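[1] Predicted model, plus sequence, below.
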Amino acid sequence: MNKQDLELTGQLSNSVFIPDVTATDKRGVLAELTDQLVTEGRIQLADRDEVLGSLLEREAKMSTGMQYGVAIPHAKTDCVKKLVGMIAISHTGVPFASLDGAPAAIFVLTLSPRSDTNSHIKFLAEVSRKLSNQRVRKKLLEAKTREEMVAAICKDPRVL
């Protein structure tokens, strides 16, 4: 495992995971993910609406729906002190105004402080690179636990 994979593994191990998103539209997904961040203690309940507003504002500028069923909602907010990550799976798929028009099934959400550009960009770039691999996406969609989700993204896809 190279240095980037070790860093990503560390960040993902501290992330929040939702193996079965129940929301059926973009706003609902962002609200569900935000609520889970509150439940997991990653953001304060008092900051919930501000965080959700930041995510919705970012989506209004340009959808974070990518391609191959992946969406990477992200926002900068002073409601967090360091990068907060989350990976969530929807087994039914959710319309997310993706580049290829396909519904999103894999969501990688990140929040970072306004003052931190480096970790935010590095995390997004590395996760995007990993999720461009079909084997990684397939393994992630099959994962049932946090450990399986981390392994799906961080292990060499040639041996998955």
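    Now that the structure is in, tell me what you want to look at.

[2] ok, now which ones touch Val108?
    70-73, 85-87, 124, 127, 131 (Cβ atoms under 8 Å, 6 or more residues apart in numbering). Where you see a C-beta, it was placed from the backbone N, CA and C, and this is true even at glycine.

[3] Surely it is in a helix?
    No. Secondary structure of Val108 (DSSP: H, G, I helix; E, B strand; the rest coil): strand, not part of a helix.

[4] gap between it and Thr77?
    According to Cβ to Cβ, to the nearest Å, Val108 stands 17 Å off from Thr77.

[5] what's the answer for Arg129, then?
    According to Cβ to Cβ, Arg129 and Thr77 sit 25 Å apart.

[6] For Ser128, grab the count of nearby residues.
    13 (other Cβ atoms under 10 Å).

[7] nope, Ser112 is what I was after
    23.

[8] Thr110 versus the residue nearest to it when sequence neighbours are not counted, what's the distance?
    Of all residues not flanking Ser112 in the chain, His120 sits nearest, at 3.9 Å (Cβ to Cβ, 6 or more residues apart in numbering). His120 sits 6 Å away from Thr110 when distances are taken as Cβ to Cβ.

[9] Now do the strands in the protein.
    Taking DSSP state E to define them, one finds strands in the chain at 16-18, 70-71, 74-76, 84-94, 104-112.
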